[in-house]
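**Q** this is a predicted model, with the sequence first.
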Amino acid sequence: MNGWLVAALVLLVGGLGPALWVACRGPATERLVGLALASTCAPAVFLALAQGFGRSSYVDVALVSVVLGPVGVLVFARCLPQED
């Protein structure tokens with residue numbers, strides 16, 4: 001286990017885990033914040049895994065995740081009920 005894999009593990013446990021917890025609990029606005037945080041942390045995890053395993057295909061997954069993450073957040077925000 002090298003430093004990149006340790007960094008990926010730290011990002012998974014310390015960043016992506018709490019983000020997914022928030023995205024699954026609470027009111028819709030808090031879930032939106034959790035989704036935004038998860039879409040920020042996931043590419044960092046993929047990039048650390050790509051360096052740790054020496055596979056360039058994980059970089060492609062990270063790039064797709066960077067592009068589609070904000071789009072998913074915007075779609076989720078559009079589907080939120082309007083509050084007066």
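**A** Yep, that arrived.

**Q** quick one: the closest residue to residue 48 other than its chain neighbours from residue 57, how far?
**A** Sequence neighbours aside, residue 8 is the residue nearest to residue 48 in space, at 3.8 Å (criterion: Cβ to Cβ, 6 or more residues apart in numbering). Every residue, glycine included, has its C-beta placed from N, CA and C. According to Cβ to Cβ, to the nearest Å, residue 8 stands 15 Å off from residue 57.

**Q** more neighbours: which of the two?
**A** Higher neighbour count among residue 8 and residue 57: residue 8, with 22 against 9, using other Cβ atoms under 10 Å.

**Q** okay but the more buried one is in contact with residue 49, surely?
**A** Yes. Judged on Cβ atoms under 8 Å, residue 8 makes contact with residue 49 at a distance of 4.9 Å.

**Q** what does the helix or strand hosting residue 65 contact?
**A** Assigned by DSSP states H and E, residue 65 belongs to helix 57-79. Applying Cβ atoms under 8 Å, 6 or more residues apart in numbering, the contact partners of helix 57-79 are 31-32, 35-36, 38-40, 42-44, 46-47, 49-50.

**Q** ranges for the helices of the chain?
**A** 3-11, 17-24, 28-53, 57-79 (DSSP state H).

**Q** any idea of the mean pLDDT in stretch 30-41?
**A** Mean pLDDT, stretch 30-41: 91.

**Q** what does that stretch rub up against?
**A** With Cβ under 8 Å, 6+ apart, stretch 30-41 has contacts from 11, 15-16, 18-25, 65, 69-70, 72-73, 76-77, 80.

**Q** show the buried residues in those residues.
**A** 11, 15-16, 19-20, 22-23, 65, 69, 73 (16 or more other Cβ atoms under 10 Å).

**Q** residue 5 - how many residues pack around it?
**A** Around residue 5 there are 14 other residues, counting by other Cβ under 10 Å.

**Q** typo on my end, it should be residue 60
**A** 12.

**Q** kindly provide the distance from it to residue 11.
**A** From residue 60 to residue 11 the distance is 19 Å (Cβ to Cβ).
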